[in-house]
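Q: Dropping a prediction and its sequence here:
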Amino acid sequence: VFPSQDPLDRADFNAVEYINALFPTEQSLANIDEVVNKIRLKIRRLDDNIRTVVRGQTNVGQDGRQALEEAQKAIQQLFGKIKDIKDKAEKSEQMVKEITRDIKQLDHAKRHLTTSITTLNHLHMLAGGVDSLEAMTRRRQYGEVANLLQGVVNVLEHFNKYMGIPQIRQLSERVKAAQNELGQQILADFEEAFPSQGTKRTGGPSNVLRDACLVANVLDPRIKQEIIKKFIKQHLSEYLVLFQENQDVAWLDKIDRRYAWIKRQLVDYEEKYGRMFPAEWCMTERIAVEFCHVTRAELSKIMRTRAKEIEVKLLLFAIQRTTNFEGLLAKRFSGCTLADGTVKKPEVPPPSTNPFLEDETGPEADEIVMEKSDTDKPKKPKVPDNPFHGIVSKCFEPHLYVYIESQDKNLGELIDRFVADFKAQGPPKPNVDEGGAVLPSCADLFVYYKKCMVQCSQLSTGEPMIALTTIFQKYLREYAWKILSGNLPKTTSSSGGLTITSLLKEKEGSEVAKFTLEELCLICSILSTAEYCLATTQQLEEKLKEKVDASLMERINLTGEMDTFSIVISNSIQLLVQDLDAACDPALTAMSKMQWQNVEHVGDQSPYVTSVILHIKQNVPIIRDNLASTRKYFTQFCIKFANSFIPKFINHLFKCKPISMVGAEQLLLDTHSLKMVLLDLPSIGSQVVRKAPASYTKIVVKGMTRAEMILKVVMAPHEPPVVFVDNYIKLLADCSTDTFQKILDMKGLKRSEQSSMLDLFRLRLPAPPPGGDGSGSLSLSAPTPEQESSRIRKLEKLIKKRL
């Protein structure tokens with residue numbers, strides 16, 4: 001409980017250790033008396049403390065009992081005081097209730113009296129208002145009735161909970177009867193002023209009718225709708241007579257007269273009746289909207305009857321005039337009266353980052369914009385800026401097949417003209433300075449596409465846009481096959497009569513490539529055109545999806561056409577690769593037929609290497625300059641050529657047998673020269689040196705290093721056989737017996753030696769991993785970058801030594 005540093009207070013006290021601590025030596029025993037006296041003194045003090053504590057606890061129990069009794073007495077006194085306070089609080093509450101009882105009664109009386117007085121005042125106002133309303137109705141004082149009726153209706157709402165009282169119910173019925181009488185009376189007045197039968201208008205605007213319209217605002221909304229309906233019907237009755245189906249002016253070629261007539265009628269209405277109807281009725285807009293509905297129905301009926309007479313020019317003329325009229329309505333009216341809110345006033349869309357969202361109705365709509373849209377940003381649906389769009393022109397949609405068929409015919413003729421022009425003008429002239437040119441017909445095609453798309457979107461954004469998309473797909477494929485693929489130069493299987501002797505003696509500048517300069521430029525031009533078509537087709541798809549209705553967006557898919565252009569690009573690159581590859585074939589054939597066992601010394605690079613480099617320097621700069629605008633496809637060409645040439649070079653390397661040590665060193669020098677040329681292939685012959693792409697460099701280094709390792713294995717002595725086999729497995733990381741057999745053939749070993757070597761090779765093969773297929777070709781771990789770098793440095797030292 002009380003911390004102590006005294007050893008005697010420790011729980012693990014040991015008397016022997018304590019005594020040894022007090023008397024560590026014999027000399028210390030001289031103080032034993034002094035130590036004993038100290039301990040005895042300490043014992044006496046402890047006895048005194050214990051005695052004092054024991055005596056002090058004698059009276060503790062008695063003191064505790066006394067304190068408990070005093071606490072109980074204090075609690076009883078406190079409880080008594082709390083009870084007294086509670087009794088006094090109850091008496092005070094009862095006294096307050098008796099005081100405020102009369103005040104509450106007075107408050108309730110005041111509230112009921114106020115309500116009664118207010119209700120009586122309202123009843124007086126209602127009774128007087130109903131009498132005045134009936135009298136004014138008989139005298140047709142609509143100006144006073146409009147204000148009075150609204151007040152009476154508002155007062156009557158206060159009596160909804162008193163409808164069980166007969167007098168109140170009677171007043172309510174009188175109000176309803178007055179409203180019905182007013183409605184019938186106002187309708188009769190309008191019928192008298194604007195008779196529905198006949199075209200002659202006997203009445204006209206008056207102050208009475210103007211006030212009657214104000215009353216109609218307060219009455220049942222059906223009265224207002226009936227007035228508007230009858231007035232508009234009477235106002236358009238002349239239109240139905242003038243433009244009947246059998247009239248000459250009813251046909252599409254005179255559709256301007258319909259819109260001119262309604263313009264005159266609206267001007268006439270504003271002059272005569274503009275002030276008669278309240279402004280919130282929007283009567284001018286209602287007349288125009290009803291005219292549009294009637295016109296759409298009439299045009300639909302007459303076009304169904306005379307469908308065979310509809311021509312493209314006539315249809316487009318009618319649609320253009322109609323859309324112009326709809327645009328005029330949008331400028332003049334807000335569209336707030338359109339039925340059921342099917343067309344709402346558009347909100348201003350937020351500014352878009354899509355570069356294709358330009359104003360396509362202006363002159364710039366005739367030019368195609370060739371720039372890529374930002375595909376990372378979400379597409380925003382285009383908000384229509386004309387609430388009246390389609391209100392009349394919707395009737396032309398069922399007949400747009402005439403327009404679609406016309407565009408199909410026009411595009412077919414356009415493709416045929418492109419084919420004829422290409423045959424007449426021939427392939428584009430090579431212009432290396434400006435790079436590969438895109439065929440002009442490509443831009444013409446997409447300009448026409450854009451015109452059709454803009455025009456059709458103005459006519460309809462529904463099924464006709466889907467039909468037009470199908471036409472676009474058809475002629476995109478035709479353009480790809482007839483214009484692009486159809487004009488690619490054809491490869492020939494003949495070798496051109498080249499011999500090994502003539503190849504080894506060829507001079508710089510001689511032409512070996514199968515394709516001429518013009519043909520190479522044509523292939524590059526077709527490739528550039530296909531790439532342009534691919535990008536523009538993607539933009540076309542995005543634009544079509546913006547133009548078409550949201551429910552039809554999923555039906556627009558030009559992926560197949562983009563794949564077609566991708567095939568054209570792939571075929572063009574393959575042609576360029578095959579051409580350069582075929583030009584290098586005679587040189588590789590010459591390499592494989594040389595007598596490498598007779599080579600006596602290592603000199604400069606061999607003639608076949610010079611020939612390969614010559615063909616590369618002839619073709620690659622032309623291809624690079626013509627593909628300057630499509631660098632990624634030039635990179636693809638380089639990669640495909642490397643993937644084609646290097647395996648072919650290794651295969652021809654295996655045909656070089658037998659090979660002497662000097663011959664292998666010469667081949668190693670040639671291989672290194674070709675490797676350097678291939679690494680420099682993308683920028684060969686260019687004044688601007690660019691670093692080759694990493695993907696291409698990786699392919700070249702991997703392939704040509706394998707060729708170098710093959711020659712290093714051939715150069716290695718085959719004695720002792722175990723070292724040779726282990727060296728082969730280490731350098732080539734190829735456990736195929738076929739490859740090992742080819743190496744032995746290159747070394748010129750006899751069959752008996754080869755047999756023993758093969759047996760040893762099979763024994764030295766590493767065990768296949770568990771679950772492997774156990775095939776003859778096993779995968780070994782590739783050499784580390786440090787090993788690879790060391791081998792390359794050794795090879796460079798060997799070449800420098802030989803040179």
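A: Nice, I can see it. Numbers count the residues shown, from 1 in each chain.
Q: Against residue 325, how distant is residue 318?
A: Counting by Cβ to Cβ, to the nearest Å, the gap from residue 318 to residue 325 is 11 Å. Backbone N, C-alpha and C define where each C-beta goes, glycine included.
Q: now do residue 108
A: For residue 108, the distance to residue 325 equals 71 Å [Cβ to Cβ].
Q: Counting neighbours, go ahead and name the busier of the two.
A: Regarding residue 108 and residue 325, a neighbour count based on other Cβ atoms under 10 Å identifies residue 325 as having more, with 25 against 9.
Q: does the more buried one really touch residue 259, like I thought?
A: Yes: using Cβ atoms under 8 Å, residue 325 is in contact with residue 259, at 4.6 Å.
Q: what's the following helix or strand after the lowest-mean-pLDDT helix or strand in the chain?
A: The helix or strand of the chain with the poorest confidence is helix 500-504; it has a mean of 37 (mean pLDDT, DSSP states H and E). Following helix 500-504 in sequence order, the next helix or strand is helix 517-547 (DSSP states H and E).
Q: can you pull the buried residues of that next one?
A: 519-547 (16 or more other Cβ atoms under 10 Å).
Q: how far out from the middle of the chain is the helix or strand residue 113 falls within?
A: Taking DSSP H and E as the definition, residue 113 sits inside helix 60-139. On the basis of Cα atoms, centre = their mean, to the nearest Å, helix 60-139 is displaced by 69 Å from the centre of the chain it belongs to.
Q: avg pLDDT for it?
A: Computed over helix 60-139, the mean pLDDT rounds to 82.
Q: How about stretch 333-353?
A: 51.
Q: go on, stretch 161-181?
A: Mean predicted lDDT for stretch 161-181 stands at 75.
Q: Name the residues that touch that stretch?
A: 119, 123, 126-127, 130, 133-134, 137, 149, 152-153, 156, 159, 219-220 (Cβ atoms under 8 Å, 6 or more residues apart in numbering).
Q: got it, and stretch 109-120?
A: Contact partners of stretch 109-120, identified using Cβ under 8 Å, 6+ apart, comprise 158, 159, 162.
Q: Out of these, grab the one that's most surrounded.
A: residue 159 (18 neighbours).
Q: How much space separates that one from residue 175?
A: From residue 159 to residue 175 the distance is 10 Å (Cβ to Cβ).
Q: shared neighbours of the two, which are they?
A: Joint contacts of residue 159 and residue 175 (Cβ under 8 Å, 6+ apart) do not exist.
Q: Flag the shaky bits of the stretch 651-800 of the chain, pLDDT-wise.
A: Confidence mapping of the stretch 651-800 of the chain against pLDDT under 70 gives the ranges 767-800.
Q: now do 50
A: Scanning the stretch 651-800 of the chain for pLDDT under 50 picks out 771-786, 788-789.
Q: same check, this time on the stretch 301-450 of the chain
A: For the stretch 301-450 of the chain (pLDDT under 50), the answer is 340-384, 431-435.
Q: The contacts of stretch 109-120 in helices, which ones?
A: With DSSP state H as the criterion, helices contain none of the contacts of stretch 109-120.
Q: Go through those residues and say which is closest to residue 724.
A: Proximity to residue 724 was ranked across the contacts of stretch 109-120 by Cβ to Cβ; first place goes to residue 158, at 117.6 Å.
Q: hang on, the earlier thing: possible to save the contacts of stretch 109-120 as CSV with distance to residue 26?
A: CSV is the format used below for the contacts of stretch 109-120 (distance: Cβ to Cβ, whole Å):
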residue, distance to residue 26
158, 124
159, 127
162, 126
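Q: For the closest residue to residue 411 other than its chain neighbours, give me its contacts.
A: Nearest non-adjacent residue to residue 411, counting by Cβ to Cβ, 6 or more residues apart in numbering: residue 475, 4.6 Å away. With contact set as Cβ under 8 Å, 6+ apart, residue 475 has these partners: 411, 412, 414, 415, 445.
Q: now that we have the residues you listed, which one has the most neighbours?
A: Within the contacts of residue 475, most neighbours by other Cβ under 10 Å means residue 445, with 23 neighbours.
Q: okay, now the domains of this structure?
A: 393-489+516-570, 716-765 (the TED database).
Q: hey, which of the ones you listed is tucked in deepest?
A: Most buried of those, by mean neighbour count (mean count of other Cβ atoms under 10 Å): domain 393-489+516-570, with a mean of 18.
Q: What average pLDDT does stretch 258-274 get?
A: Averaging pLDDT along stretch 258-274 yields 83.
Q: next one: phi and psi at residue 210?
A: Backbone torsions of residue 210, given as degrees, to the nearest 10, read phi -60, psi -40.
Q: can I assume it is in contact with residue 274?
A: No: counting by Cβ under 8 Å, residue 210 sits too far from residue 274 to count as a contact (10.9 Å).
Q: Those two: which has the busier surroundings?
A: Higher neighbour count among residue 210 and residue 274: residue 210, with 16 against 12, using other Cβ under 10 Å.
Q: pLDDT value on the more buried one, please?
A: The model's pLDDT for residue 210 equals 72.
Q: Identify the residue spatially nearest to it, adjacent ones excluded.
A: Leaving aside its sequence neighbours, residue 210 sits nearest to residue 276 (Cβ to Cβ, 6+ apart; 5.0 Å).
Q: Could you look up the SS state of that neighbour?
A: Here residue 276 is recorded as coil under DSSP: H, G, I helix; E, B strand; the rest coil.
Q: can I assume it is in contact with residue 213?
A: Yes: with contact defined as Cβ under 8 Å, residue 276 and residue 213 form a contacting pair (6.8 Å).
Q: what's the overlap in contacts for residue 325 and residue 259?
A: Common contact partners of residue 325 and residue 259 (Cβ under 8 Å, 6+ apart): none.
Q: hang on, the earlier thing: any idea which element the residue nearest to residue 411 lies in?
A: In the assignment (DSSP H and E), residue 475 maps to helix 463-478.
Q: and that helix, how far out from the chain's middle?
A: Centre-to-centre, helix 463-478 and its host chain are 24 Å apart (Cα atoms, centre = their mean).
Q: next one: stretch 539-552
A: 13 Å.
Q: What's the mean pLDDT across that stretch?
A: Rounded mean pLDDT across stretch 539-552 is 89.
Q: how about the helices in the stretch 351-500 of the chain?
A: With DSSP state H, counting those that start in this stretch as the criterion, the stretch 351-500 of the chain has helices at 401-425, 440-459, 463-478, 500-504.
Q: mind giving me a markdown table with those helices and columns for distance to residue 656?
A: Listed next are the helices of the stretch 351-500 of the chain as a markdown table, based on distance: least, Cβ to Cβ, whole Å:
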| stretch | distance to residue 656 |
| --- | --- |
| helix 401-425 | 46 |
| helix 440-459 | 48 |
| helix 463-478 | 48 |
| helix 500-504 | 14 |
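Q: and of the ones you listed, who's closest to residue 636?
A: Of all the helices of the stretch 351-500 of the chain, it is helix 440-459 that lies closest to residue 636, at 20.6 Å by Cβ to Cβ.
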